[in-house]
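Engineer: coordinates for the following, if possible.
(one chain, ligands or ions: 2)
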Amino acid sequence: MKKFQSVRGMRDILPNETKSYRDLESKLMCSANQFGFKEIKTPILEDTNLFIKSIGGGTDIVDKEMYSFVDSKKNSISMRPEGTASCARALVEHGLNESINKIWYSGPFFRHERPQKGRYRQFHQFGVEFIGVNSYEADFEIISLANNIWSNLNLNPRLTINSIGDIKDRKNYKEVLLEYLVKYKNDLTESEKHKLENNPLRLLDTKNKNLKKILEDAPKISTYLSKESKLHFEKLLESLDNSNIKYLKDENLVRGLDYYNRTVFEYLDDTENTQNTICAGGRYDYLFETLCDKKIPALGFAIGIERLIEYADFSNENKDTINFYMIVLDVKDHLYSQEIAHLIRGISKQFIVSNSYNYKNLKSQLKKADKLSADYCVIIGNEESKKNTCQLKNMSSGQQENIHIDKLKNYIKDKIL
Ligand code: ATP
Ligand code: MG
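Structural biologist: Numbering: from 1, shown residues only. Ligands and ions are numbered 1, 2, ... in the order given. Presented below is the predicted three-dimensional model:
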C-alpha cells in the first residue's frame with residue numbers, strides 16, 4: 001500500500017514541538033503589542049500580480065519560488081511567499097493607509113526553494129509593519145522592538161545594517177557596479193551572469209568566495225547615497241550608538257526584494273549555520289506607490305520562526321502545567337474517576353488530567369505514568385471507590401495520601417497550586 005508522506009519541504013509540527021511555537025509566538029506578540037502594534041490576518045492566497053508588482057520580477061521569489069496556479073476563472077493566484085505585500089494590499093483596500101499604522105502578523109508562508117536545514121517550502125514568519133513615518137526615528141523604533149524581542153527571549157543575535165539609498169541613488173550605483181563587474185563576466189557562474197543582467201545588486205550578498213574577492217574592490221553604495229539618504233542613515237546609527245545597541249555596518253547587505261530602500265538590516269544567529277539570518281527587514285517607501293499611486297513611507301521586519309527555534313532551544317522553557325494521571329484498577333470505577341478528573345480540571349487551567357484506559361496492575365500503570373512525565377497520580381481501587389476517596393501520589397517524592405473526595409479540592413489548592 002502506498003504510504004503517504006508530507007509534501008517535500010513541508011513539515012508536520014508535532015505535539016512535542018507545538019508548545020515551543022505557541023510560547024514563542026505569544027512572547028513575540030507581547031513585545032509587538034507593547035510597542036503599540038496590532039494584529040492583522042490576511043489570506044494565504046493573493047492575486048499573483050500583487051507579488052510581481054511589489055516584490056518585483058527578476059527577484060528569486062517571483063521568478064522561481066512562488067506556488068502559483070490558474071483558478072477556474074483563469075485568474076492567476078499565488079500562495080503568499082512573504083507578508084509585507086499582503087499587509088500593504090489590505091491596508092490600501094480598507095483605507096487604513098492614510099494615517100500612522102502599526103501592525104503585526106504571524107503565519108505560514110510558501111516558497112518553492114531547495115529544502116535544507118533552515119529552509120523549507122512552508123515556513124512561518126512573525127512580522128511587523130510600521131506605516132506612515134518617514135524619519136529615522138521609526139527605523140530606530142523598529143530596531144528597538146527587535147532588540148526588545150531578543151532580550152525577552154534571552155538571545156543576543158548580531159545586527160548588521162546598511163543603507164541602500166533611494167531609487168535614484170541605487171540607479172546611479174547600479175550603473176557603476178555593473179561597469180565594474182562586467183570586466184569579470186568570465187569569472188561568474190551562469191546564475192551570477194543572470195543576476196548581473198537582471199539585478200546586479202543581488203550579487204553583493206553572495207556566499208561564493210571568488211565573487212566575494214572580486215567585490216572587495218568594487219565601488220561601494222555609501223559613495224552614491226544622496227544627502228538625504230546619508231543623513232537618515234547617520235542619524236539612525238547615532239541613535240543606536242546613543243542607546244548602546246550594537247551593530248555591524250555591512251556595505252554588501254542588500255535584500256532579495258525590490259521594494260526596499262534606505263535602511264536594510266538583518267539579525268544573524270551566532271552559529272555556523274549557513275541559513276543563519278533569523279530576522280530581516282528594512283524601509284520600503286516605494287511599495288505603496290505601486291499599489292495606490294501614493295508615496296507612503298513604511299518599514300518592517302520578519303522573523304523566521306523555524307530558524308529561531310533551531311537557534312534557541314525553547315523546549316525546556318519553564319513548565320507551566322501540572323500533569324495528573326488517573327489510574328483506575330477496575331473498569332466499573334471509570335465514571336467515579338471521571339468525576340475526580342472533572343473536579344481537578346476545575347481547580348486550575350494549569351492542571352492537565354489524563355486517563356490511563358488500562359485496567360492492568362498498578363505497577364505497570366505507574367511505570368506508564370512516569371514515562372508520560374506525570375507529576376501526580378490519582379489511584380482508584382475498590383477500597384477508594386467504596387469510601388469515596390482516592391490515593392494521590394506525588395511522583396517526584398513518592399509520597400502518597402488517601403484523601404476523601406470532599407476534601408480533595410482544598411487539599412490540592414493548599415498543597416499543589
Ligand atoms: P534567505 O537569506 O534565507 O534567502 P530571505 O532574504 O529570502 O532569506 P526574507 O524574505 O527577508 O528572507 O524573510 C525573512 C526571514 O524569514 C528570513 O530571515 C528567514 O529567517 C525566514 N525565511 C525566509 N525564507 C525561508 C525558508 N524558505 N524557510 C525558512 N525560513 C525562511
Ligand atoms: Mg530567500
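
Engineer: excluding residues flanking it in the chain, which one is nearest the residue of the stretch 1-150 of the chain found nearest ligand 1?
Structural biologist: Ranked by Cβ to the nearest ligand atom, the top residue of the stretch 1-150 of the chain for proximity to ligand 1 is Phe123, at 3.4 Å. For the C-beta atoms, the positions are set from N, CA and C on the backbone; glycine is no exception. Distance criterion Cβ to Cβ, 6 or more residues apart in numbering; nearest residue to Phe123, sequence neighbours excluded, is Glu306 at 5.2 Å.

Engineer: mind checking how far the one you found is from ligand 1?
Structural biologist: For Glu306, the distance to ligand 1 equals 5 Å [Cβ to the nearest ligand atom, to the nearest Å].

Engineer: name the element that residue belongs to?
Structural biologist: helix 305-311 (DSSP states H and E).

Engineer: show me what the helix or strand following that helix is packed up against.
Structural biologist: Later in the chain than helix 305-311, the nearest helix or strand by DSSP H and E is strand 322-328. If you count contacts as 3 or more Cβ pairs under 8 Å, 6 or more residues apart in numbering; DSSP states H and E, strand 322-328 packs onto helix 334-347, strand 351-355, helix 362-371, strand 376-380.

Engineer: any weak-confidence spans in the stretch 51-200 of the chain?
Structural biologist: Along the stretch 51-200 of the chain, no part satisfies pLDDT under 70.

Engineer: spell out which parts of it neighbour ligand 1.
Structural biologist: 82, 111, 113, 118-120, 123, 125 (Cβ under 6 Å from any ligand atom).

Engineer: circling back: which residues touch the residue nearest to Phe123?
Structural biologist: By Cβ atoms under 8 Å, 6 or more residues apart in numbering, the contact set of Glu306 is 118, 120, 123-124.

Engineer: returning to that earlier point: closest to Thr389 out of the helices and strands packed on strand 322-328?
Structural biologist: strand 376-380 (8.7 Å; Cβ to Cβ).

Engineer: report the angle between that closest one and strand 351-355.
Structural biologist: Between strand 376-380 and strand 351-355, the angle formed by their directions is 40 degrees, by axes from the mean of the first three to the mean of the last three Cα atoms, to 10 degrees.

Engineer: what lies in contact with whichever helix or strand comes after strand 376-380?
Structural biologist: Using DSSP H and E, the helix or strand that follows strand 376-380 in sequence is helix 382-386. Helix 382-386 has contacts (Cβ under 8 Å, 6+ apart) with 329-330, 332-333, 336, 389-391, 402.

Engineer: could you rerun that using 7 Å?
Structural biologist: For helix 382-386, contacts defined as Cβ atoms under 7 Å, 6 or more residues apart in numbering pick out 330, 333, 336, 390-391.

Engineer: which of those residues tops the neighbour count?
Structural biologist: Cys390 (26 neighbours; other Cβ atoms under 10 Å).

Engineer: that residue bridge partners, please.
Structural biologist: Cys390 has the following beta-bridge partners by DSSP bridges: Ile403.

Engineer: verify the contact between it and Leu343 for me.
Structural biologist: No: the pair Cys390 and Leu343 fails to qualify as a contact (Cβ atoms under 7 Å) at a distance of 10.0 Å.

Engineer: and the residue of the stretch 251-400 of the chain nearest ligand 1?
Structural biologist: For the stretch 251-400 of the chain, Cβ to the nearest ligand atom, closest residue to ligand 1: Gly304, 2.1 Å.

Engineer: hey, what's that residue bridged with?
Structural biologist: Under the criterion used (DSSP bridges), Gly304 bridges to Gln125.

Engineer: one more: Asn355?
Structural biologist: Met326.

Engineer: ok, it touching Met326?
Structural biologist: Yes: contact criterion Cβ under 7 Å: Asn355 and Met326 qualify, at 4.7 Å.

Engineer: intersection of neighbour lists for these two?
Structural biologist: 337, 341.

Engineer: thanks a lot, catch you later.
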